[in-house]
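Peer 1: Below is the sequence, then the predicted model.
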Amino acid sequence: MSLYDLPKFNIPEIKIFKSKEKASKFCQNKTFSLILVILVSFIFGGIGGFFGASYFYQHYLEELYSGVSVVEKTIEKYEPQTSQEELIIRVVEEAFPSVVSIIVTKDLPVFEQYYYNPFEGFEKFFGQPFEFQVPDYRQKGTEKKEIGGGTGFVVSENGMILTNRHVVIDKDADYTVLTNDGKKYQAKILGRDPIQDLAIIKIELEEKLRPLKLGDSDNLQVGQSVIAIGNALGEFRNTVSVGVVSGLKRTVVASGQGISEILENIIQTDAAINKGNSGGPLLNLKGEVVGVNVAMAQIAENIGFTIPINAAKKDIEQIKTLGKIVYPFLGVRYIIITEDIQKKYNLSVDYGAWLVRGEEPKDVAVIPDSAADKVGLKENDIILEFNDEEISAKNSLAIIIQKYNPGDDITLKVLSQGKEKIINVRLGEKSE
């Protein structure tokens, strides 16, 4: 076999350079090419890896959260967890259109500040006038401003709204009703209850309103669930709070806006009643109004007070039939006697209404020319019974007399100067 018959192999070509400079240049070109190839490979490899990883990661997420569409459908509409929760949601939805906000506005004077020199005009006495300026104020017209607010709720299709008297107490103010759909109406005062913190106003509109159904507050039980709706803080319309009836037949002293009054036979609840909630409804789980929210205890949490709706039914009926709210009126100022009062003042009985005067000269025990004055009742007399009903802390004279009407004839058992006697009285009338 000759040399040329040997198998051919792919032997790399060997270059022989005649000088070191050419050899060095050749190596530099090869090194640059190699670096360029590595760099390009790295860039395209990174791009490919990124898109590949994104693709597979997306498919991984789709596989991992394949049930997400089911979850989204579940939370689109909240499903109540209990039957009570379902009742609350239903009651609130149905009541919202019938609960309104009441905005109180009034024309108030606007003052501007200016400066004057009190020594002006005295130059002839002192020569050079004093450079002295004193600030003062003067009225520059009036401006209508919002001064308060509260809540009310519809009690008739033709626009009658029940609220608290203290919400609409200012006779010089203007009252605007803001309905749930954002419409505003000027309100007219139909009547303010002279005894209870209740009032009825009216708005004029073409369409009929949906009144809330009135329940029976005499059937309330301690621990019963209730819902309060109102214009909280005069800012947050239709705020809802839920609680229970905490107590019944409470007697509290409520004060605000420069007035103070005793509220008797009041419902206590732990449903939050904030400033601005006054006049809003307290509802049971049937959606019936059982009370009119009126006050809160400022020194405690979750202690609110509500006027029983049964006390307001008579006002509503009188406005419809008489056009005003009237009360049977005896004309006495009294203190309910308890065991503590008996011991403190050394009285002969531990029950009844003790006729006493107040601290002010006008606060007499028996009002002149009243029904009580006409039958001879005197200061320090004690009314023991009103039409055979014993008067006590739980059954006060104010509670008993609300069962009657002006002009009714009743009998009183009275303890006067140590002797009991029966007195026949025809009740008078009291209105705003």
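Peer 2: Structure's in. What do you need?
Peer 1: Only C-alpha atoms from now on, for both contacts and neighbour counts.
Peer 2: Noted.
Peer 1: ranges for the strands of the stretch 101-250 of the chain?
Peer 2: 134-154, 160-163, 174-178, 184-192, 199-203, 225-232, 236-256 (DSSP state E, counting those that start in this stretch).
Peer 1: Quickly run through the sheet partners of the third one, with directions.
Peer 2: Strands adjacent to strand 174-178 in the sheet, as given by DSSP bridges, are strand 99-116 (antiparallel), strand 184-192 (antiparallel).
Peer 1: I'd like to check the angle between it and strand 199-203, please.
Peer 2: On the basis of axes from the mean of the first three to the mean of the last three CA atoms, to 10 degrees, strand 174-178 is oriented at 70 degrees to strand 199-203.
Peer 1: For the strands paired with strand 174-178, which has the smallest mean pLDDT value?
Peer 2: For the strands paired with strand 174-178, the weakest mean pLDDT is recorded on strand 99-116, namely a mean of 79.
Peer 1: need the strands of the stretch 101-250 of the chain in JSON lines with distance to residue 394 and mean neighbour count, can you?
Peer 2: Output for the strands of the stretch 101-250 of the chain, formatted as JSON lines (distance: least, CA to CA, whole Å; neighbours: other CA atoms under 10 Å):
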{"stretch": "strand 134-154", "distance to residue 394": "29", "mean neighbour count": "17"}
{"stretch": "strand 160-163", "distance to residue 394": "26", "mean neighbour count": "27"}
{"stretch": "strand 174-178", "distance to residue 394": "37", "mean neighbour count": "21"}
{"stretch": "strand 184-192", "distance to residue 394": "26", "mean neighbour count": "18"}
{"stretch": "strand 199-203", "distance to residue 394": "25", "mean neighbour count": "23"}
{"stretch": "strand 225-232", "distance to residue 394": "24", "mean neighbour count": "26"}
{"stretch": "strand 236-256", "distance to residue 394": "7", "mean neighbour count": "16"}
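Peer 1: rewinding a little: and the strands paired with strand 174-178 as TSV, adding distance to residue 418?
Peer 2: Shown next, in TSV, are the strands paired with strand 174-178 (distance: least, CA to CA, whole Å):
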stretch	distance to residue 418
strand 99-116	52
strand 184-192	40
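Peer 1: As TSV, the strands of the stretch 101-250 of the chain with distance to residue 358 would be great.
Peer 2: TSV is the format used below for the strands of the stretch 101-250 of the chain (distance: least, CA to CA, whole Å):
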stretch	distance to residue 358
strand 134-154	31
strand 160-163	30
strand 174-178	34
strand 184-192	25
strand 199-203	27
strand 225-232	36
strand 236-256	16
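Peer 1: mind listing the strands for the stretch 301-432 of the chain?
Peer 2: Remark: strands assigned in the stretch 301-432 of the chain by DSSP E, counting those that start in this stretch are 304-308, 326-329, 334-336, 353-355, 382-386, 389-390, 409-416, 419-426, 428-431.
Peer 1: So which elements touch the last one?
Peer 2: Counting contacts by 3 or more CA pairs under 8 Å, 6 or more residues apart in numbering; DSSP states H and E, the secondary-structure elements packed against strand 428-431 are strand 326-329.
Peer 1: swap the cut-off to 10 Å and go again
Peer 2: strand 326-329, helix 371-374 (3 or more CA pairs under 10 Å, 6 or more residues apart in numbering; DSSP states H and E).
Peer 1: now swap in the shortest one and tell me
Peer 2: In this structure, strand 389-390 packs against helix 397-401, strand 409-416, with contacts taken as 3+ CA pairs under 10 Å, 6+ apart.
Peer 1: how distant is it from the center of its chain?
Peer 2: Averaging C-alpha positions (CA atoms, centre = their mean, to the nearest Å) puts strand 389-390 38 Å from its chain's average.
Peer 1: got it, and stretch 409-425?
Peer 2: Relative to the chain's own centre, stretch 409-425 is displaced by 45 Å; criterion: CA atoms, centre = their mean.
Peer 1: I would like the residues contacting that stretch, please.
Peer 2: Residues from elsewhere that reach stretch 409-425, judged by CA atoms under 10 Å, 6 or more residues apart in numbering: 330, 347-349, 352-354, 371-372, 374-390, 401, 404, 407-408, 426-428.
Peer 1: So residue 169 is in contact with residue 150, correct?
Peer 2: No. Between residue 169 and residue 150 there is no contact, the gap being 11.6 Å when judged by CA atoms under 10 Å.
Peer 1: re earlier: tell me which of the helices and strands packed on strand 428-431 is the most buried.
Peer 2: Highest mean neighbour count of those: strand 326-329, a mean of 22 (counted as mean count of other CA atoms under 10 Å).
Peer 1: where does this structure have its least confident helix or strand?
Peer 2: helix 68-75 (a mean of 49; mean pLDDT, DSSP states H and E).
Peer 1: Could you tell me the average pLDDT over the helix or strand just after that one, please?
Peer 2: Using DSSP states H and E, the helix or strand that follows helix 68-75 in sequence is helix 83-95. Average pLDDT, helix 83-95: 91.
Peer 1: quick one: contacts for the residue nearest to residue 237 when sequence neighbours are not counted?
Peer 2: Leaving aside its chain neighbours, residue 237 sits nearest to residue 231 (4.3 Å; criterion: CA to CA, 6 or more residues apart in numbering). The contact partners of residue 231, by CA under 10 Å, 6+ apart, come to 99-102, 149-152, 237-240, 273-280.
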